[in-house]
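>>> here's my sequence, what's the structure:
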Amino acid sequence: MNIRYWKNRWEKGNTGWHMDQVYPLLPKLWPQLNLSTNAKVLVPLCGKSVDLLWLQENFHVIGIEVSAKAIKEFERNSSLPFTCTNRKGHTVFEANSIEIWKDDFLNISPNTIGKVDAIYDKAALIALPPEVRKKYIPHLQSFCNLHTQILLQAFEYEQEEMQGPPFSVSQKELSTCFGSDFEIKLLYEKSKLDEFEKFKERGITSYFIEKVYQIYPK
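Numbering: from 1, shown residues only. As a prediction, the model looks like this:
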């Protein structure tokens, strides 16, 4: 599963993970991060998420997205006055308090955009197979200062029952990958098995749990 896979899904409109409204738990849980106004928020694998619009009302948002189609659709749906510039060799779309960098997240260095105050991972980590997650999480950490807060959504289920994405990511895996320098706090947990019939059709029979974590340096 590589960049071409995700680009193809965008080109074919096979984007079942996309929500046309703000993720309901974002306004409820985000305040727990206790960020100051205009804090810099990184959103990896942002797609065309309307969560960017909610975040940019109070924060400076930096989205990273590899699909040109996703960015164009976000521009069109947002009605914001985007401009396109080249910054440090990267194509960047800017409007109001939003920047969207067109590239593979793993190709973006913290030396390019700087450290951030918060990271919003919604359906990003769980879109990646295990071998890529092992690269993704250390890269995510490289954008963190001592005060950086992370809000991360995950699903847990028996991986053998369904081929991802979304992939099952346990708190144990998060603890292992983030290591002893980070604290992991569970903010939300709920069974979603009866809400996602499509996943039952793909083989899930035991459990399917959504979890949201607050992760921050100790």
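
>>> OK, contacts around the residue nearest to residue 108 when sequence neighbours are not counted?
Computed as Cβ to Cβ, 6 or more residues apart in numbering, the closest residue to residue 108 that is not its neighbour in sequence is residue 64, at 5.6 Å. For glycine as for every other residue, the C-beta is placed from the backbone atoms N, C-alpha and C. Applying Cβ atoms under 8 Å, 6 or more residues apart in numbering to residue 64 gives the contacts 42-46, 100-101, 103, 105, 108.

>>> centre-most residue in the chain?
For the chain, residue 121 is the residue whose C-alpha lies nearest the centre (Cα atoms, centre = their mean; 2.9 Å).

>>> coming back round to it: for the residue nearest to residue 108, give me phi and psi.
phi -120, psi 130 (degrees, to the nearest 10).

>>> got a pLDDT number for it?
pLDDT for residue 64: 97.

>>> and the residue nearest to the centre of the chain, how far from residue 64?
As for residue 121, its distance to residue 64 is 11 Å (criterion: Cβ to Cβ, to the nearest Å).

>>> hey, what's in contact with both of these two?
Listed contacts common to residue 121 and residue 64 are residue 44; contacts here mean Cβ under 8 Å, 6+ apart.

>>> tell me how many other residues surround residue 194.
Per other Cβ atoms under 10 Å, the neighbour tally for residue 194 reads 8.

>>> so what's it up against?
Going by Cβ under 8 Å, 6+ apart, residue 194 touches no other residue.

>>> for it, give its distance to residue 76.
On the measure of Cβ to Cβ, residue 194 and residue 76 end up 35 Å apart.

>>> may I see the buried residues of the one helix or strand residue 155 maps to?
Secondary structure from DSSP states H and E places residue 155 in strand 144-157. Neighbour-count burial for strand 144-157 flags 144, 148-157 (criterion: 16 or more other Cβ atoms under 10 Å).

>>> if we can go back for a sec, so what sits opposite the closest residue to the residue nearest to the centre of the chain other than its chain neighbours in the bridge?
Among residues not flanking residue 121 along the chain, residue 152 sits closest, at 4.2 Å (Cβ to Cβ, 6+ apart). When bridges are called by DSSP bridges, residue 152 pairs up with residue 121, residue 213.

>>> cool, residue 186 as well?
Per DSSP bridges, the residues bridged to residue 186 are residue 213.

>>> isn't it right next to residue 175, touching?
No: using Cβ atoms under 8 Å, residue 186 is not in contact with residue 175; the gap is 11.2 Å.

>>> need phi/psi at the closest residue to residue 67 other than its chain neighbours.
Distance criterion Cβ to Cβ, 6+ apart; nearest residue to residue 67, sequence neighbours excluded, is residue 10 at 4.1 Å. Dihedral angles of residue 10 (phi, psi; degrees, to the nearest 10) stand at phi -70, psi -40.
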